[in-house]
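> for reference, the sequence and a predicted model appear below.
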Amino acid sequence: MADTTHSRTTSKHWTIDKAWIAILLIPTLLVLFAPTELWSTITFALTALTNTAPFILFAILSVAYLKATGAENLLASAFEGREARMIVVAAFAGGLSPFCSCEVIPFIAALLAIGAPLGAVMAFWLSSPLMDPAMFAITTGTLGTEFAVAKSIAAVSIGLFGGFTVKALAKSALFTDPLKNTPAPACCSSSGCGTGSGAEIYSGAVNWRFWSEGARRSTFQKTAIENALFLTKWLLLAYLIEALMLRYVPAELVAQVLGGTGFGPILLAALVGAPAYLNGYAAVPMVAALLEQGMSDGAAMSFVIAGGVSSIPAAMAVWALVKPRVFAAYLGLAMIGAVAAGLIWGMAA
């Protein structure tokens, strides 16, 4: 469940979508300050978007199908049984489910309130922002299947690492009484929510042949349209930024700071991942541009892992429910996992 930055109105009034403003602002600034670069930048972005279109279509249809069938009901099975089993299933469920952290806040809040182990919840929280079916498709189309598979493995592995670490330290002062007393918000503000938000969450059984029910057909259509607009918006912005990065960011600087081998570039990529992260989908073209300019493979993996977990939507889902010390542990576990994933991928690539 890779988190995204999906605009949502919180009242009857329309809110200004900053991503679309940025998409319009980039060509405007080019017209004013670098008119000779305008056409090449637009052409680059549209060509990249067209090349990624098959993966975008797959992402749209797969998420809409999972929403319409009510497959998110299967998420509850991750938190049943013995704690060790719960951690393993939660790590895999988080890395594969297509739902944003905002949508699962009430679900996780209820589980924590009734005493579900924090280790299993932590495993889910750590793996969920990093990968989902749509993210896998987009990553495959831009960075290649090997990178997408490696990131998926890293997502689940970090979930397992975090879950079993919390389980081992469950009786320590760090993780005792982890919950805040304040109620969790229903969802993020306009700055963060995930793909397909707003679709129905069905309380009944999963219906894989969703087209037999009118309400589920409506959910499929609504989710598909929302995700089409969402992915097009963020990827178009990302490809415009990628074109500008390739044109104006010196390749020598990227290679000097984030290139080469060793621990330094990987740690630095993890540290800068959070502030540089637009969202999981927009980050993919950014990483492609940085790789082309000399970023090391290990640093690229570290960047996407650290940035994904610490991005605003993912972090808000944790901050809303637990005390600051548990939130700090969440970020610390993510950083360790990101650096480890970067080191391993750097050696394997």
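Good, I have the coordinates.

> so how many other residues sit close to M301?
30 (other C-beta atoms under 10 Å). Any C-beta I mention is one placed from the backbone N, CA and C, and that applies to glycine too.

> report the mean per-residue pLDDT for the helix or strand encompassing it.
Assignment of secondary structure by DSSP states H and E places M301 within helix 297-310. Rounded to a whole number, the mean pLDDT of helix 297-310 is 88.

> what's the following helix or strand after that helix?
Moving toward the C-terminus from helix 297-310, the next helix or strand (DSSP H and E) is helix 312-319.

> angle of that following helix against helix 297-310?
Using axes from the mean of the first three to the mean of the last three C-alpha atoms, to 10 degrees, one finds that helix 312-319 and helix 297-310 are set 50 degrees apart in direction.

> which other helices and strands contact helix 312-319?
Judged by 3 or more C-beta pairs under 8 Å, 6 or more residues apart in numbering; DSSP states H and E, the packing partners of helix 312-319 are helix 101-113, helix 118-127, helix 324-348.

> would you mind getting the angle between it and helix 118-127?
Using the same axes, to 10 degrees, helix 312-319 lies at 170 degrees relative to helix 118-127.

> least confident of the helices and strands packed on helix 312-319, on average?
By mean pLDDT, the lowest-scoring of these turns out to be helix 101-113, with a mean of 63.

> can you list the low-confidence ranges for the chain?
Counting by pLDDT under 70, the chain contains low-confidence ranges at 1-14, 72-78, 98-107, 109-111, 113-114, 181-204, 251, 255, 274-280, 312-313.

> related to what we said a few turns ago, possible to save the helices and strands packed on helix 312-319 as a markdown table with distance to L244 and mean neighbour count?
Putting the helices and strands packed on helix 312-319 into a markdown table (distance: least, C-beta to C-beta, whole Å; neighbours: other C-beta atoms under 10 Å) gives the following:
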| stretch | distance to L244 | mean neighbour count |
| --- | --- | --- |
| helix 101-113 | 29 | 20 |
| helix 118-127 | 32 | 30 |
| helix 324-348 | 25 | 19 |
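
> looking at these, which is closest to L235?
Within the helices and strands packed on helix 312-319, the stretch nearest L235 is helix 101-113; the backing value is 20.6 Å (C-beta to C-beta).

> buried ones in the helix holding M301?
Applying a neighbour-count criterion of 16 or more other C-beta atoms under 10 Å, the buried positions in helix 297-310 are 297-310.

> residues contacting E37?
Applying C-beta atoms under 8 Å, 6 or more residues apart in numbering, one finds that E37 lies in contact with 30, 247.

> brain fart, T232
49, 56.

> what values do phi and psi take at the residue of the chain positioned farthest from its centre?
Outermost residue of the chain with respect to the C-alpha centroid, by C-alpha atoms, centre = their mean, is T36; its distance is 35.0 Å. With angles defined as degrees, to the nearest 10, T36 sits at phi -70, psi -20.

> for the nearest residue to P117 once chain neighbours are set aside, grab the count of nearby residues.
In space, and not counting its chain neighbours, P117 is closest to E83: 4.6 Å by C-beta to C-beta, 6 or more residues apart in numbering. Here the number of neighbours of E83 (other C-beta under 10 Å) works out to 17.

> one more: P54?
Other residues near P54 come to 11 when the count uses other C-beta under 10 Å.

> any idea how far it is from L61?
Counting by C-beta to C-beta, to the nearest Å, the gap from P54 to L61 is 11 Å.

> can you check F92 too?
Distance of F92 to L61, given as C-beta to C-beta: 22 Å.

> cool, and S97?
From S97 across to L61, the span is 17 Å (C-beta to C-beta).

> repeat that for L267.
As it turns out, when the distance is counted by C-beta to C-beta, L267 lies 39 Å from L61.

> then S40?
Distance from S40 to L61, by C-beta to C-beta: 32 Å.

> quick one: which of those two has more around it?
In this view S40 and L61 are compared by other C-beta under 10 Å, and L61 has more residues nearby, 18 against 12.

> how about that one: what's its closest non-neighbour residue?
The spatially closest residue to L61, leaving aside those adjacent along the chain, is A224, at 6.8 Å (C-beta to C-beta, 6+ apart).

> can you tell me the element that neighbour falls in?
Using DSSP H and E, the element containing A224 is helix 214-248.

> dump the C-alpha coordinates for the following helix or strand past that helix into PDB.
Next along the chain after helix 214-248, taking DSSP H and E as the criterion, comes helix 251-258. Once non-C-alpha atoms are left out, helix 251-258 reads as follows in PDB (Å, rounded to 0.1, in the frame of the first residue of the first chain):
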ATOM      1  CA  ALA A 251      25.300  15.400 -13.500                       C
ATOM      2  CA  GLU A 252      28.800  15.900 -11.900                       C
ATOM      3  CA  LEU A 253      27.200  17.200  -8.700                       C
ATOM      4  CA  VAL A 254      24.800  14.200  -8.400                       C
ATOM      5  CA  ALA A 255      27.600  11.700  -9.200                       C
ATOM      6  CA  GLN A 256      29.900  13.400  -6.600                       C
ATOM      7  CA  VAL A 257      27.300  13.500  -3.800                       C
ATOM      8  CA  LEU A 258      25.200  10.400  -4.400                       C
END
